[in-house]
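Student: Here is a sequence together with a model predicted from it:
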Amino acid sequence: MNILEKIIADKYLEVAERKSLVPVKLLEGSVFFEGKVVSMKKYVTNPEKSGIIAEFKRKSPSKGVINGSASVEKVSIGYMQAGASALSILTDTEYFGGSSDDLKAARKFNFCPIIRKDFIVDEYQILEAKSMGADCILLIAAALEPAKLKSLASFAKGLGLEILMEVHDGAELERSLCDDLDLVGVNNRNLKTFEVSVDTSLALVDQIPGNFVKVSESGISDPNTMIELKKAGFDGFLIGENFMKSSRPEQAAYNFIKEFKKLSAQESELSKA
Ligand SMILES: O=C(O)c1ccccc1NCC(=O)[C@H](O)[C@H](O)COP(=O)(O)O
């Protein structure tokens with residue numbers, strides 16, 4: 001069993017337990033339920049912004065504890081002030097140390113798109129995402145049969161949420177693409193070996209149809225890499241560990257975005273010359 005299979009097996013049990021404790025009616029009663037979503041697609045492609053989806057990530061299966069003391073309020077506000085386009089908030093507790101309270105706190109303090117970063121296997125989790133104030137959900141092609149992924153995407157669309165589908169290779173992309181998706185992400189992390197390589201993104205970018213916003217995910221730690229990915233056709237960049245490993249993640253994001261902007265300006269000068 002690889003780590004993703006283990007997480008997914010545990011997730012089914014976890015969701016069954018929550019379903020028995022919290023009725024759907026209670027989720028539907030949340031103040032966020034009828035609220036309009038903030039479009040991840042629009043913010044990520046806004047040329048005034050960096051395209052970065054900045055992630056709040058306390059720990060991970062590949063790295064263990066990354067940041068055990070960060071405050072979601074301080075970091076999420078700092079990320080957005082630094083120039084991130086959107087927030088990714090991990091809500092899985094067991095493997096990533098996140099929670100629904102983290103997402104609710106990020107929602108309370110920020111007007112920006114927020115993705116509920118979790119391992120979604122059931123419509124109930126999509127109702128939860130909406131009730132927490134998320135604007136977007138993640139569907140992982142490696143974890144879902146294509147028919148199920150499509151039906152979850154359609155359910156999320158019905159609630160007004162946007163959908164980021166994550167793939168690792170061309171086969172996953174081909175079998176799971178569907179009209180209800182908004183963004184397609186390529187995960188640079190091999191979940192069997194935990195190795196990260198942006199070559200995964202570069203190899204797949206041209207296979208993603210142009211009507212989807214293209215996101216490169218994981219292992220991005222150098223603004224020059226972002227420039228390379230942008231030139232290749234990516235609009236969005238999901239970055240967690242590189243910021244969160246700092247004692248001040250928001251400052252790390254600020255420094256990174258400042259450098260990225262400087263490099264971008266140099267690139268556009270060069271292309272004019
Ligand atoms: O990060 C992990 O170790 C991991 C292990 C198993 C499944 C998923 C995992 N990560 C989820 C993510 O998608 C990343 O948190 C996200 O892309 C940001 O990556 P990074 O910038 O490398 O923290």
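Tutor: Okay, I see it. Residues are numbered from 1 along each chain as shown.
Student: contacts and neighbour counts: CA atoms only from here.
Tutor: Will do.
Student: Quick check: residues of the stretch 101-250 of the chain near the ligand?
Tutor: Within the stretch 101-250 of the chain, the positions near the ligand by CA under 6 Å from any ligand atom are 191, 217-220, 238-242.
Student: May I see the buried residues of the lowest-mean-pLDDT helix or strand in the chain?
Tutor: None of the helices or strands of the chain scores lower by mean pLDDT, DSSP states H and E than helix 249-272, at a mean of 94. Across helix 249-272, burial judged by 16 or more other CA atoms under 10 Å covers 249-254, 256-258, 260-261, 263-264.
Student: Please apply the same query to stretch 34-50.
Tutor: Buried residues in stretch 34-50, counted by 16+ other CA under 10 Å: 37-41, 43-45, 50.
Student: what residues does that stretch touch?
Tutor: Residues outside stretch 34-50 that contact it (CA atoms under 8 Å, 6 or more residues apart in numbering): 51-53, 83-86, 111-114, 134-136, 160-162, 182-183, 213, 235-236, 257, 261.
Student: Any chance of a PyMOL selection covering the buried ones in those residues?
Tutor: In PyMOL, this line selects whichever of these come out buried by 16+ other CA under 10 Å:
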select buried, resi 51+52+53+83+84+85+86+112+113+114+134+135+136+160+161+162+182+183+213+235+236+257+261
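Student: Looking at the contacts of stretch 34-50, which are in strands?
Tutor: Per DSSP state E, strands hold the following members of these: 52-53, 86, 114, 136, 162, 183, 213, 236.
Student: Show me the two of these that sit farthest apart.
Tutor: Farthest-apart pair in the ones in strands among the contacts of stretch 34-50 is I52 and E162; separation 16.7 Å (CA to CA).
Student: so what's the closest residue to the ligand within the stretch 1-150 of the chain up against?
Tutor: At 3.7 Å from the ligand, S62 is the closest residue in the stretch 1-150 of the chain, using CA to the nearest ligand atom. By CA under 8 Å, 6+ apart, S62 lies in contact with F194.
Student: again, 10 Å this time
Tutor: Contact analysis of S62 by CA atoms under 10 Å, 6 or more residues apart in numbering lists 3, 95, 189, 191, 193-195.
Student: Please apply the same query to E5.
Tutor: The contact partners of E5, by CA under 10 Å, 6+ apart, come to 11, 142-143, 191.
Student: Recalculate using a threshold of 6 Å.
Tutor: If a contact means CA atoms under 6 Å, 6 or more residues apart in numbering, then E5 has no contacts.
Student: try the one 10 residues further on
Tutor: The contact partners of V15, by CA under 6 Å, 6+ apart, come to none.
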